[in-house]
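Visitor: Generate a structure from the sequence data that follows.
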Amino acid sequence: MVLSEMNKEQLEAFKAEAQKEYDGYKALGLSLNMARGKPGHEQLELTAPMLDCLKAADFDDIDDNYFNYGLLSGIPEAKALFAPMLGVKPENVIVFGNSSLKIMYDNVSRCYNYGVGGGEKPWKDQGKIKWLCPVPGYDRHFAITEQFGFEMITVPTDENGPDMDVVEKLVAEDPSIKGIWCVPMYANPTGITYSDEVVKRMANLSPAASDFRIFWDNAYCIHHLSDTPDKLLNLYDEAAKNGKEDMVFMFASTSKVTFPGSGVAIMAASERNLKAHLDVMTIYTIGYDKLNMLRHVKFFDGKFENVVEHMKKHAAVLAPRFDAVIKTLDAEVAPLGIGSYNKPNGGYFVSFDALPGCAKRIVSLCKEAGVTMTGAGATYPYGKDPEDKNIRIAPTFPSVEELSKAMEIFACAVKLASAEKLLAE
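Guide: Residues are numbered from 1 along each chain as shown. The predicted structure is shown next:
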């Protein structure tokens, strides 16, 4: 029976039963963590042989430049290997260290302090500046623009991506808007992939600010969970058709492909944008870890198709975890009408919408019972979900057994918080 259709007596009985179940879970003294989308041990094992790809015996066969200063934009083999991740040419790529988040931060910092390149004033010298944030979205994106003092403007999303009527109107009318965050494929946390129409409209924006930039964080572009993956139109190609490729920065990494702490990250952009970035980058580094780039090249034999095959092994590890999440929600939450959620075809998260006003209570109940979740509100700028309803579920790190138990507790917390909410009303 749908919870909202119960009378007071039925709700009180339901709440008492949920409370009894919850108290039983608390008594177990569990400690389970679903706070962040970290690869689990089984995934890390898939890449263990990469540690043996370079040995001292290989020294004489490796170009001295790979041990030394230079090659600021990365080794050519790594550019060729990873350019297909973003659907661009190797000459449009810079290869960095392990963190694409750092590249995004550095890009915002560069534009803030020095301008985008080409004569525009630094963002810091333009008065009040703003940034568009599709929601629910990625908390670490929002933390970057918050730190630089941008006013963050939320943009609603649906199953196709950001509301482009809103985006087009805002950027066309307001020159203080300098950028937009996008996770276009298997988005964090909603799991949706932008439709062709959304990508085409994004690529043809006519912003009032000549220094407006799209930060296209394609973090999950090869993280499929099925044999029928989503398809994403290529933003860079679409922008180039309109003569607007300078508007685009694209990012990806191997953080969830090889080793999160020892992967490589890439940025793809136009020739003008790459030059502007390298001009600043040459001041603060003599280059990133070229031996690690080479290690990746050797592990995948320099072929992107081997990366794709490797990701099928990841999918085999992750699919049962996502199935465990959906199975519990389908059985315990959906029939009661107390939450909605996505069933992603890839990526790292399940986005759950509770009854309005319940998210913080659910996360708190989970924590008290030994299950750590991403903080309620994290998927909105400033950590403030106006309806207090969205929760990001990260299924990747626990074992399937741990995850199944954690989801039992999560479902119980949803029931208890929902009953409390409805009784209070």
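Visitor: The lengthiest strand in the chain pairs with which strands, and in what direction?
Guide: Using DSSP state E, we find that the single longest strand of the chain is strand 151-158. Here strand 151-158 has these sheet partners by DSSP bridges: strand 130-135 (parallel), strand 161-162 (antiparallel).
Visitor: now those as a markdown table including distance to residue 335, mean pLDDT and mean neighbour count?
Guide: Bear in mind the C-beta positions are built from the backbone N, C-alpha and C, glycine included. Shown next, in a markdown table, are the strands paired with strand 151-158 (distance: least, CB to CB, whole Å; pLDDT from 0 to 100; neighbours: other CB atoms under 10 Å):
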| stretch | distance to residue 335 | mean pLDDT | mean neighbour count |
| --- | --- | --- | --- |
| strand 130-135 | 28 | 98 | 23 |
| strand 161-162 | 30 | 98 | 24 |
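Visitor: how about a markdown table for those strands, with distance to residue 365 added?
Guide: Converted to a markdown table, these look like this (distance: least, CB to CB, whole Å):
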| stretch | distance to residue 365 |
| --- | --- |
| strand 130-135 | 24 |
| strand 161-162 | 32 |
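Visitor: still on that earlier bit, need the residues that contact the longest strand of the chain.
Guide: Strand 151-158 has contacts (CB atoms under 8 Å, 6 or more residues apart in numbering) with 128-136, 142, 145-146, 162-163, 166-167, 170, 177, 180, 187, 190, 192, 380-382.
Visitor: For the spatially most central residue of the chain, give me its contacts.
Guide: The centre of the chain sits closest to residue 188, judged by CA atoms, centre = their mean, with a distance of 4.2 Å. By CB under 8 Å, 6+ apart, the contact set of residue 188 is 37, 137-138, 219-220, 347-349, 392.
Visitor: Assign a three-state SS to it, would you?
Guide: Look at residue 188: counting by DSSP: H, G, I helix; E, B strand; the rest coil, its state is coil.
Visitor: And it, how close does it get to residue 246?
Guide: Computed as CB to CB, to the nearest Å, the residue 188 to residue 246 distance reads 26 Å.
Visitor: same check, this time on residue 131
Guide: 18 Å.
Visitor: quick one: which helix or strand includes residue 85?
Guide: Under the criterion DSSP states H and E, the helix or strand holding residue 85 is helix 76-86.
Visitor: Tell me which helix or strand comes right after that helix.
Guide: With DSSP H and E, the next secondary element past helix 76-86 is strand 93-95.
Visitor: For that following strand, what is the distance to the chain centroid?
Guide: Strand 93-95 has its C-alpha centroid displaced from the chain centroid by 20 Å (CA atoms, centre = their mean, to the nearest Å).
Visitor: need the contact list for residue 303.
Guide: Counting by CB under 8 Å, 6+ apart, the residues that residue 303 touches are residue 81.
Visitor: Skip ahead from the longest helix along the chain and say which helix or strand is next.
Guide: Taking DSSP state H as the criterion, the chain has its longest helix at helix 304-332. Using DSSP H and E, the next helix or strand after helix 304-332 towards the C-terminus is strand 339-341.
Visitor: Residues touching that next one, excluding its own?
Guide: Residues outside strand 339-341 that contact it (CB under 8 Å, 6+ apart) are 326, 329, 333, 350-355, 393, 414, 418.
Visitor: which one is residue 182 nearest to, not counting chain neighbours?
Guide: residue 216 (5.2 Å; CB to CB, 6 or more residues apart in numbering).
Visitor: so the one you found sits in a strand?
Guide: Yes: under three-state DSSP, residue 216 sits within a strand.
Visitor: and the end-to-end length of stretch 74-94?
Guide: Start-to-end span of stretch 74-94 (CA to CA, to the nearest Å) is 6 Å.
Visitor: If we go by neighbour counts, what in it is buried?
Guide: If you call a residue buried by 16 or more other CB atoms under 10 Å, then stretch 74-94 has these buried ones: 74-75, 77-88, 90, 92-94.
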